[in-house]
Structure formats: structure tokens, C-alpha cells
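Participant: Sequence and predicted structure below; questions after.
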Amino acid sequence: MSGFLLAVCAEMVFRELPFAERVRTLHEAGFAVELWDWTTKDLPELAATGARFTSMTGYVDGELVDPDGAERLLASAERSIAAADLLSGAGRPNLNLHGTGLDGRGLPVRPVTAVTGAMWIAAERTLRRVAELGARHGVVFTLENLNVAVDHPGTPFASAADTRALVAAVASPHLRMNLDLYHAQIGEGNLVDLLRGCVDLLGEVQVADVPGRCEPGTGEVNYPVVAAALHATGYRGTVGLEAFASGGSREAVEAFRRAFTVAG
């Protein structure tokens, strides 16, 4: 067994089922569960499934690039903490952030064509405040990298190099990286070295294959090799499948389990 905590994003698999049934199905299959926008969910109903939730959206308004956006992001983050408390029966979920808010198509609400020095300073200041908020409430926020070539054009601080720099600058256990290897493969590649260089800052690793954003084994990434390299770093935290099923959802989540079950 690998020692990783395996989680699956319920937004992307078993989509023929009501959301609470997706959660229950994943829980019964032995997976922790992740979700996106908590404002659209019946949180007490999800809590009643008995599932462990490892990640959810940490804000529903605001952005990192300017002071006004920062105030809205922090107010939204406080509401997200209260929502996370409703799902914390088996441990509090991480609260996930991006460089800016995304719309229903995954596009930035306010696209940024070039990140300026002032934006970097504003982002670091805001993330320090986010980490302080997390410390006061005993929760962990994660900053996720995205790709701008395919899915999220115009998102600031999108690369894994950007998120690593910001998380390292804040240097708080309450702000960690959510290193999404699907996005990193599109934007940067060299996944094994990337993992080795980020392991001390990781709060979670998310995966999907490229191209197509489906389960491991459907694209170009050799995920068993990646899993073995991650295991060798000593990481034993959450690995989350944030991928669509190329065929049946049950087969997809089992392919994920196989890829991230490492002997030794």
C-alpha cells in the first residue's frame, strides 16, 4: 500500500447520480471526497453520508491581484471556513484558492494579461492574511496551479512555479500548495522533478491524464512512475483524482487507485 490518502472529486464522476449519491458511492468504495463550490450543495446532507472530505472551494468571491479583491476574498474565506465546519466529522477539508475567481466555464472573472510587480506584492500580502485566518481557525488553505493554454487562459499566478513562490514566501503551515499535475503537465512538464522540488510545501496533489483530463492510463503521463517518485519523497498526504471518466466512473476510479497504490 502507498500510504497516500486517495480522494476523488465528486463533481466529475458518477455524474448521472444526485450529488449526495456520488459522495456516498465514493465513500463506500473507500475514497475520500472533494467538491468545488460549496454554496450549491446541501452540506448537512453530504455530512450525513459519513464521507471524509479533503478539499472544497475556499472562496466564492474576490481575487489576489488588488486590495479590493483581497477584502472580498478574505470575507468569502471566512464563510468557507464556516461551511467546512459542517463537513469536518472525519477531519476538516482543505480550502482551495486560485489566483482569481473562476466562472462556470473555468475562465477568470477578471482576466489578467500580464502580472505586474504590484500584483505579486498584493498577492503575497493577501495570502499572508489568508494564512493568519487559517491559523486562527485551525484550517489549511491551499493554492492551486492551473494551466492557461487549454482550460484557464488569463488566470494570474497560474503556474506551479508561481504558486510555489507565493506559498514559500508566506511560509505558513496554514497555506500550502495544491499541486495539480494535470495542469502542470500542460504548463510545465517534468513532473517528477517538480514534485521533488515542491514536496516540503505540499498540502495536496491532484491528478488527471493529458490530453483529455481523464483518469490515469488514458493519456501521456506515466502515473505509476509519478506515484512511485512521490512515494519516494516521503509524502503521505492526499492525492486527489480531479478527472472525468473516459468510460464508466467505477472503472475510472479503480484505475486511479491502481496507479497510486505503491508497494513498499
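Facilitator: In hand now; what should we look at? Residues are numbered from 1 along each chain as shown.

Participant: need the contact list for the closest residue to Y235 other than its chain neighbours.
Facilitator: Once flanking residues are discounted, Y235 sits nearest to V199: 5.4 Å by Cβ to Cβ, 6 or more residues apart in numbering. Just so you know, the C-beta spots here come from the backbone N, C-alpha and C atoms, and that holds for glycine as well. For V199, the contact set (Cβ atoms under 8 Å, 6 or more residues apart in numbering) comprises 230, 233-235.

Participant: Now list the buried members of these.
Facilitator: 230, 235 (16 or more other Cβ atoms under 10 Å).

Participant: was I right about A259 contacting G217?
Facilitator: Yes - if you go by Cβ atoms under 8 Å, A259 and G217 touch, sitting 6.7 Å apart.

Participant: Need the residues touching each of the two.
Facilitator: Y223.

Participant: and the residue nearest to E71 when sequence neighbours are not counted, how many residues sit next to it?
Facilitator: Leaving aside its chain neighbours, E71 sits nearest to G62 (7.2 Å; criterion: Cβ to Cβ, 6+ apart). Neighbourhood size, G62 [other Cβ atoms under 10 Å]: 22.

Participant: about what we covered before: who has more neighbours out of A259 and G217?
Facilitator: Set side by side, A259 and G217 show more neighbours around A259, with 24 against 16, by other Cβ under 10 Å.

Participant: Spit out the contact partners of the more buried one.
Facilitator: Per Cβ under 8 Å, 6+ apart, neighbours of A259: 207, 216-217, 223-224, 227.

Participant: Next step: those residues restricted to helices.
Facilitator: 223-224, 227 (DSSP state H).

Participant: Please, which helix or strand holds D151?
Facilitator: D151 belongs to no helix or strand when elements are defined using DSSP states H and E.

Participant: my read: it touches G106, true?
Facilitator: Yes - here D151 lies in contact with G106, judged by Cβ under 8 Å, at a distance of 5.5 Å.
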